[in-house]
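In: I'll drop the sequence and a predicted model, then ask my questions.
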Amino acid sequence: MMPSRTNLATGIPSSKVKSSRLSSTDDGYIDLQFKKGPPKIPCKAIALATVLFLIGSFLIIRGSLLLAGYISKGIFSYEGADWAVPVLIIGILVFLPGFYHLRIACYAPKG
């Protein structure tokens, strides 16, 4: 007489476990394993885009005020009309990538 086998995970004797044969059309895959989970939100990239957008906006406003002459001397003594164009250029270079990525992040939930 053979000793009865038990399922080690549950401790149930194998004589009490119900089993059935798989159909011949079943290939062992289930639909659930092919479903994709919800996409992760890239919080760091969105935060960086927001920071670039805000810094670029600040520099563009500051550069245009320097160029127009509303700000003659700021906190630093070297600010004036001769610094207006470089501040504007740097502001535009920082603003554009921030605006672009922030726009993509806003349109992403819409599809």
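Out: Now that the structure is in, tell me what you want to look at.
In: from here on, contacts and neighbour counts on C-alpha atoms
Out: OK.
In: following element in sequence after the host helix or strand of residue 50, please.
Out: Secondary structure assignment for residue 50, by DSSP states H and E: helix 43-68. Next in sequence after helix 43-68, counting helices and strands by DSSP H and E, comes helix 84-107.
In: what's that next one packed up against?
Out: helix 43-68 (3 or more CA pairs under 8 Å, 6 or more residues apart in numbering; DSSP states H and E).
In: check which helices and strands the helix it packs on sits against.
Out: Helices and strands touching helix 43-68, by 3+ CA pairs under 8 Å, 6+ apart, are helix 84-107.
In: thinking again about what came up before, buried residues of the helix holding residue 50, list them for me.
Out: Along helix 43-68, these residues count as buried under the neighbour rule (16 or more other CA atoms under 10 Å): 46, 49-60, 62-67.
In: run a quick neighbour tally on residue 93.
Out: For residue 93, the count of nearby residues is 15 (other CA atoms under 10 Å).
In: look up the closest residue to it, ignoring the ones flanking it.
Out: Leaving aside its chain neighbours, residue 93 sits nearest to residue 56 (7.4 Å; criterion: CA to CA, 6 or more residues apart in numbering).
In: wait, the one you found sits on residue 97?
Out: No. In terms of CA atoms under 8 Å, residue 56 does not count as a neighbour of residue 97; the distance is 9.3 Å.
In: how about the nearest residue to residue 89, chain neighbours excluded?
Out: Leaving aside its chain neighbours, residue 89 sits nearest to residue 60 (8.0 Å; criterion: CA to CA, 6+ apart).
In: pretty sure the one you found sits against residue 84.
Out: No. Applying CA under 8 Å, one finds residue 60 not in contact with residue 84, separated by 9.3 Å.
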